[in-house]
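Asks: Need coordinates for the below:
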Amino acid sequence: MRTRDRDRMLRRADEAEEKARKDFRRSLRATKATNGMGTIYFIGPPDRDVVKIGWTSGSPYRRLKNIQSGNHTHLELLAAIAGTKEEERRLHDYFSFALYREGTRSEWFLLTIEMRMLLELFKDGLRPNMDQDLAARVKLNFAWLLARPSYEAMEEEACRRALQQLR
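Replies: Predicted coordinates:
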């Protein structure tokens, strides 16, 4: 295949993927508007023991950008899972003992061992080198959340389906 043809094909594939991502975001916004589904996110600095647990009906990456603009510490998206506002409140209630500023309505929490394990399970699933007792307790307490797809997985699936339709 000639270089020009390959470049054209790659450009079309990139355009199709970007269109699929836009279509996914549009359909996700429409779905969220009708059933209250959004994304529960965990944002925090990589080198500190605090984490913000929040909910957004939009992109968690956009939310990270908004939060970062008002924060002098570098922040990262630690996890993002499909969920409702009510489920985000449930997490707040569960971790209320670890509020970063006690007595405030903040969404920032100290990163407890249990929360750290929850984030690890979101990222990598259960691994042999994990504290199995803690992992079992976290999986039991948060089975309702761990069964959810990540934001990235939902976006990937939508792109895969859109690309299949183009073929």
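
Asks: Would you enumerate the residues in contact with residue 79?
Replies: Contacts for residue 79 were tallied using C-beta atoms under 8 Å, 6 or more residues apart in numbering; they are 41, 42, 119, 122, 123, 150. (Each C-beta comes from the backbone N, C-alpha and C, glycine too.)

Asks: what ranges do the helices span in the chain?
Replies: 3-35, 60-69, 85-94, 113-124, 132-141, 143-146, 151-166 (DSSP state H).

Asks: got those as a markdown table, with mean neighbour count and distance to residue 100 columns?
Replies: Formatted as a markdown table, the helices of the chain follow (neighbours: other C-beta atoms under 10 Å; distance: least, C-beta to C-beta, whole Å):
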| stretch | mean neighbour count | distance to residue 100 |
| --- | --- | --- |
| helix 3-35 | 12 | 28 |
| helix 60-69 | 15 | 14 |
| helix 85-94 | 15 | 12 |
| helix 113-124 | 16 | 12 |
| helix 132-141 | 14 | 20 |
| helix 143-146 | 14 | 21 |
| helix 151-166 | 14 | 24 |
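
Asks: The ones you listed: which one's closest to residue 49?
Replies: Comparing the helices of the chain against residue 49 with C-beta to C-beta, the closest turns out to be helix 113-124 (8.6 Å).

Asks: Please name every helix or strand in contact with the closest one.
Replies: strand 76-84, helix 132-141, helix 143-146 (3 or more C-beta pairs under 8 Å, 6 or more residues apart in numbering; DSSP states H and E).
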